[in-house]
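> When you get a sec, could you give me coordinates for this:
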Amino acid sequence: MDVFFEQIIKRKRRGAEAAVRIMFIIITILVIVLMLYVAIFHLMGGFSSLFLLGAFGVAIGAYFYLLSLNIEYEYSLTNGFLDIDKISGKRKRRRMLSTSCKEFEEFGSYDADKQRLAQREFDFKVLPANLKDTGLYYAVIRKDGYGTGLLVFQPNEKILSGLKKFIPRSVQKDVLSGY
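Residues are numbered from 1 along each chain as shown. Below you'll find the predicted structure:
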């Protein structure tokens, strides 16, 4: 029987990101108003239509840029393979990690082992979660050609129960005993 579980995590905005968004919107509005002012009141021959098109282009570009700042992470567990994708603006998908659960060398609660993991060096890190949240888990993964990496993610109970079936028992510790 095939095992397939999927979960979507929305990235929460921090205060600094909200401030940058507001500043970006204000600057964009000012640029559009300035371009429209030049196009309407300072008739510069053939250039007025160019300023109108420029204002329209700036508005469309700003809209798509702001959409791309909405980020979600998708965890997919399929028959022992964990895939993690980053989705920007609900339209652009990029694969962050694809690994077999057999490549896990360590697995545990990130909250409990955060200090120990901060002292270690990794060849790569994949962090598709809100690191300030609770209920995070980590996996140390060895991938051929990439070295040893750290994955910090926030799986739900379905993903954890699926992982229990595929992660080697020597790696599971006591974290998955309830699943």
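
> Only C-alpha atoms from now on, for both contacts and neighbour counts.
OK.

> now the strands: where do they sit in the protein?
4-10, 71-78, 81-88, 92-100, 104-109, 124-126, 137-143, 147-153 (DSSP state E).

> With mean pLDDT and mean neighbour count added, can I get those strands in TSV?
Output for the strands of the chain, formatted as TSV (pLDDT from 0 to 100; neighbours: other C-alpha atoms under 10 Å):
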stretch	mean pLDDT	mean neighbour count
strand 4-10	89	16
strand 71-78	92	20
strand 81-88	93	19
strand 92-100	92	14
strand 104-109	88	20
strand 124-126	90	15
strand 137-143	90	20
strand 147-153	91	19
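
> In TSV: those strands, plus distance to residue 39.
Output for the strands of the chain, formatted as TSV (distance: least, C-alpha to C-alpha, whole Å):
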stretch	distance to residue 39
strand 4-10	41
strand 71-78	36
strand 81-88	34
strand 92-100	35
strand 104-109	59
strand 124-126	48
strand 137-143	55
strand 147-153	50
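
> Can you give me the domain assignment for the protein?
Residue ranges for each domain of the chain read 15-68, 70-171, as given by automatic domain parsing.

> So which of the ones you listed is nearest residue 4?
Between residue 4 and the domains of the chain, the tightest spacing by C-alpha to C-alpha is seen for domain 70-171, at 4.5 Å.

> May I have the distance across that closest one, first residue to last?
Domain 70-171 has an end-to-end distance of 35 Å (C-alpha to C-alpha, to the nearest Å).

> Start at 877, not 1
Shifting the count to begin at 877 puts that one at domain 946-1047.

> Run the chain-centre distance for that domain.
12 Å (C-alpha atoms, centre = their mean, to the nearest Å).

> starting at the chain centroid, how far to the longest helix that the chain contains?
For the chain, the longest helix by residue count, based on DSSP state H, is helix 891-917. Averaging C-alpha positions (C-alpha atoms, centre = their mean) puts helix 891-917 27 Å from its chain's average.

> related to what we said a few turns ago, could you dump the domains of the chain to a markdown table with distance to residue 885?
Putting the domains of the chain into a markdown table (distance: least, C-alpha to C-alpha, whole Å) gives the following:
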| stretch | distance to residue 885 |
| --- | --- |
| domain 891-944 | 16 |
| domain 946-1047 | 5 |
